[in-house]
Each structure stands twice: as structure tokens, then as C-alpha cells.
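In: the following block contains a protein sequence and its predicted model.
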Amino acid sequence: RDLLTASPSLALRVALCFKSTVDPCSSSETAVAWLSGVDRLYAKAEKLRHEMHGRLEFVLDGNAKPRSCLANRWRPWNSTWIPMDNSPAQALFSNDRSKGYDRFAILNPADKASEWLPVRLAHYGKFLYG
């Protein structure tokens, strides 16, 4: 907050890379607790985001990507799309809102030819024009 308040022209995009061995879509106690923790973070971050009037954005990564049971959780936060990393393959081409694919808005493969080759062969899917 202090950084954005002190610099009125500054805008920030914060990528939140969630690493966990928990399957957030399971019904386990651990998954429920994990989701609850992320829900609390989301509520506080959304309050701050609204205070900053379009100058603060949060991006989901890792286990919190909008897939399966998380497709519409934590909207409007967008997500990275990374091959073979909790990113549905169909989201490379589709913006189907009902499946959360519209939120996969940032193409982010690792700097490895093995990850870029299939994306390149697919003509970068929906990311071709930015």
C-alpha cells in the first residue's frame, strides 16, 4: 500500500505462485483449510486492489490456477498458462468462461525449448496476438 500510495503513477502486477502437495479440489480437511487460507488472502487483497483503483493486479499460478473446482473461484484474478503445469490444455485455445479458461491470460512457459515447441506448433493458440 505504501509503495503505491507514494508513487501515484506506479502500477503493479503481483504473481502469486501457490506451491502445495494438496489437491485443492479434494474434500480433505487439508484441502478445505488450504482453500480457506487462500480465500482469506483473496478477501484482503481484493480490498487493497479496490483501494488502488486499477493500479494493482493479482495473478494466480501453481495450485491456485482456475481449473476444475477453482474455475470461478477468486474472480476476477487471471492466471498464467504453462504447459503441463495445472493448466488445462484446452485453455490454450479457448476462453470458455464456464470452465475458467477466460482467466488463463498470461502465456508463461519456462525458458525451455521443450515447453515452447508445442506452443509454437499450436501457433501460440489464443496468445498469438498478445
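Out: Thanks, I have it. Numbering: from 1, shown residues only.
In: quick one: low-confidence residue ranges for the protein.
Out: Filtered on pLDDT under 70, the chain yields no residues whatsoever.
In: can you check which helix is longest in it?
Out: helix 29-51 (DSSP state H).
In: which strands and helices sit next to that helix?
Out: strand 56-62 (3 or more Cβ pairs under 8 Å, 6 or more residues apart in numbering; DSSP states H and E). For glycine as for every other residue, the C-beta is placed from the backbone atoms N, C-alpha and C.
In: quick one: contacts of the strand it packs on?
Out: 4, 11-20, 45, 48-49, 66, 74, 77-80, 82, 85-86, 103, 106, 108 (Cβ atoms under 8 Å, 6 or more residues apart in numbering).
In: out of these, which are buried?
Out: 4, 16, 18, 45, 49, 66, 74, 77-80, 82, 86, 103, 106, 108 (16 or more other Cβ atoms under 10 Å).
In: mind checking which of the residues you listed are in helices?
Out: Short answer: the buried ones among the contacts of strand 56-62 in helices (DSSP H) are 4, 45, 49.
In: residue 78 pairs with what?
Out: residue 59 (DSSP bridges).
In: the longest helix of the chain vs strand 56-62, what angle?
Out: 160 degrees (axes from the mean of the first three to the mean of the last three Cα atoms, to 10 degrees).
In: okay but residue 75 is in contact with residue 97, surely?
Out: No - in terms of Cβ atoms under 8 Å, residue 75 does not count as a neighbour of residue 97; the distance is 9.6 Å.
In: show me whatever sits in contact with both of those two.
Out: With Cβ under 8 Å, 6+ apart as the test, residue 75 and residue 97 reach no residue in common.
In: circling back to that earlier point, among the contacts of strand 56-62, which are located in strands?
Out: 12, 13, 14, 15, 16, 17, 18, 78, 79, 80, 106 (DSSP state E).
In: just send the ones in helices among the buried ones among the contacts of strand 56-62 back as JSON lines, with distance to residue 114 too.
Out: JSON lines is the format used below for these (distance: Cβ to Cβ, whole Å):
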{"residue": "4", "distance to residue 114": "38"}
{"residue": "45", "distance to residue 114": "34"}
{"residue": "49", "distance to residue 114": "35"}
